[in-house]
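[1] Sequence and predicted structure, then a few things I'm wondering about:
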Amino acid sequence: MDQRARDTLVELLETPSPSGYETRGQRVWVDAVEPVADEVRTDAYGNAIAVHHGDGSGPEIVLTGHADEIGFIVKSIDDDGFVRVGPIGGSDPSVARGQHVTIHANEGPVEGVVGQHAIHLREDEDDPEVDDLWIDIGATDEEQATDRVAVGDPITIAQTVSWLSDTRLGARGLDNRVGTWVAAEAFRRAVAADPDATVYAVSTVQEELGLQGAKMVGFDLEPDAVVAVDVGHAVDYPSAPSEKTSQMALGDGPGLGRGSTNHPVVFDALQTVAADEDIAVQVEALGRGTGTDADGFFTAAGAVPSQVVSVPNRYMHTPVEVVDTDDLEDIITLLGAFAARAGEFEPFAVDI
């Protein structure tokens, strides 16, 4: 990974981007793709779209990831100045207690901590609900707190990037800034190949709230094929519930989704390109939908062939997600080559 790409990845990961509040992260992404795009545009909700215009003879291909991360939101402030919270997306209250957090207020960031009973005072407790959480920002009453934060301010856990080894990366929000970063880097790789295809790189908003950005963009673009890059469950760690998912592991290559949303022609095309590029892949069984933006795209404009490519990810929806950058590099190579060769595989339709 060159320094430019590494710096962009770290900047994306360190820029808070909770669902519904993605503007700052989208600005970083737009700045990254503008130098190689023919045009970049955003819509009213902040979906960002970069395009390289082909020569008109090739298909239109979308490479996409979602910009938003899970978090919390200020729901209320009590008489004693403690902040009560609600979820943004699939936030896990069991990993929030005892964490440092940042409340992104209009006047700037406000630091706080999520309270936790001392172990000396705890009895057997069930996993907490979000409603059980409170944030201490050092205020002594409601007035002091409301001078600094407001109802509706988004909250993220104050976790930063850790390089655990040369290729193993731990961070909050790898789901799914790694997907938007891969989409941008694969777009850059495809543009360098001067493809006949028109290639779009897309960074969507509000995936964690129901694939909302993908539904918007799908109607806007109506492409011939979509590849959504998101994270998938890696279960190569102690006591992992591996019987609940496919057996993906960090460093073993991209996960290609098979079943339901995933289009068999796009799946086969990606397998062909992977073999030609000497990229090992893992197959992820997804029989009831993918839970990713691919599910938003594939029916948004009436049967858009869509495919998810997963980055193996440990500890999803926690502040300590872990990925292997070798997998990221392989997906960039795979998708860049797929976009450059897309004309070989059209039409993207099943044969009845």
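    Right, received. Where do you want to start?
[2] ok, now which ones touch residue 198?
    Contact analysis of residue 198 by CB atoms under 8 Å, 6 or more residues apart in numbering lists 51, 52, 53, 54, 58, 59, 60, 61. Just so you know, the C-beta spots here come from the backbone N, C-alpha and C atoms, and that holds for glycine as well.
[3] For it, report the pLDDT, please.
    In this prediction, residue 198 carries a pLDDT score of 98.
[4] for residue 287, same thing?
    Residue 287 is assigned 91 on the pLDDT scale.
[5] That one: what's its closest spatial neighbour, skipping adjacent residues?
    Distances taken as CB to CB, 6 or more residues apart in numbering place residue 259 nearest to residue 287, at 4.4 Å, with adjacent residues excluded.
[6] Look up phi and psi at the one you found.
    Note on residue 259: backbone dihedrals following degrees, to the nearest 10 are phi 110, psi 160.
[7] Which elements pack onto the least confident helix or strand in the chain by mean pLDDT?
    The least trusted helix or strand in the chain, going by mean pLDDT, DSSP states H and E, turns out to be helix 212-221, with a mean of 94. For helix 212-221, the elements it packs on are strand 48-52, strand 60-66, strand 198-204, helix 293-297, judged by 3 or more CB pairs under 8 Å, 6 or more residues apart in numbering; DSSP states H and E.
[8] circling back: which of the contacts of residue 198 ranks first by neighbour count?
    Ranked by neighbour count under the definition other CB atoms under 10 Å, those are headed by residue 61 with 30 neighbours.
[9] and it, how far is that from residue 302?
    18 Å (CB to CB, to the nearest Å).
[10] Same check on residue 278?
    On the measure of CB to CB, residue 278 and residue 302 end up 37 Å apart.
[11] likewise residue 74?
    When distance is defined by CB to CB, residue 74 is 40 Å away from residue 302.
[12] So for these two, which residue has more residues nearby?
    Per other CB under 10 Å, whichever of residue 74 and residue 302 has more neighbours is residue 74, with 22 against 9.
[13] Beta-bridge partners for the more buried one, please?
    In this structure, residue 74 has beta-bridge partners residue 85, where bridges are defined by DSSP bridges.
[14] How much space separates it from residue 285?
    In this view, residue 74 and residue 285 are 39 Å apart by CB to CB.
[15] what's the answer for residue 166, then?
    Distance of residue 166 to residue 285, given as CB to CB: 31 Å.
[16] Counting neighbours around each, name which of these two comes out higher.
    With neighbours defined as other CB under 10 Å, residue 166 and residue 285 compare such that residue 285 has more, 13 against 10.
[17] Now do the contacts for the more buried one.
    Applying CB under 8 Å, 6+ apart as the definition, the contact partners of residue 285 turn out to be 246, 258, 259.
[18] Same question for residue 62.
    Applying CB under 8 Å, 6+ apart, we find residue 62 in contact with 200, 202, 217, 221, 223, 225, 226, 227, 297.
[19] Then residue 28?
    Under the criterion of CB under 8 Å, 6+ apart, the contact partners of residue 28 comprise 8, 11, 12, 15.
[20] Mind checking which of these are in helices?
    In helices, judged by DSSP state H, the following of the contacts of residue 28 are found: 8, 11, 12.
[21] Same list, these, but as JSON lines with neighbour count please.
    JSON lines is the format used below for the ones in helices among the contacts of residue 28 (neighbours: other CB atoms under 10 Å):
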{"residue": "8", "neighbour count": "19"}
{"residue": "11", "neighbour count": "17"}
{"residue": "12", "neighbour count": "25"}
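[22] Among these, which one sits closest to residue 314?
    Relative to residue 314, the closest of the ones in helices among the contacts of residue 28 is residue 12; by CB to CB it sits at 19.2 Å.
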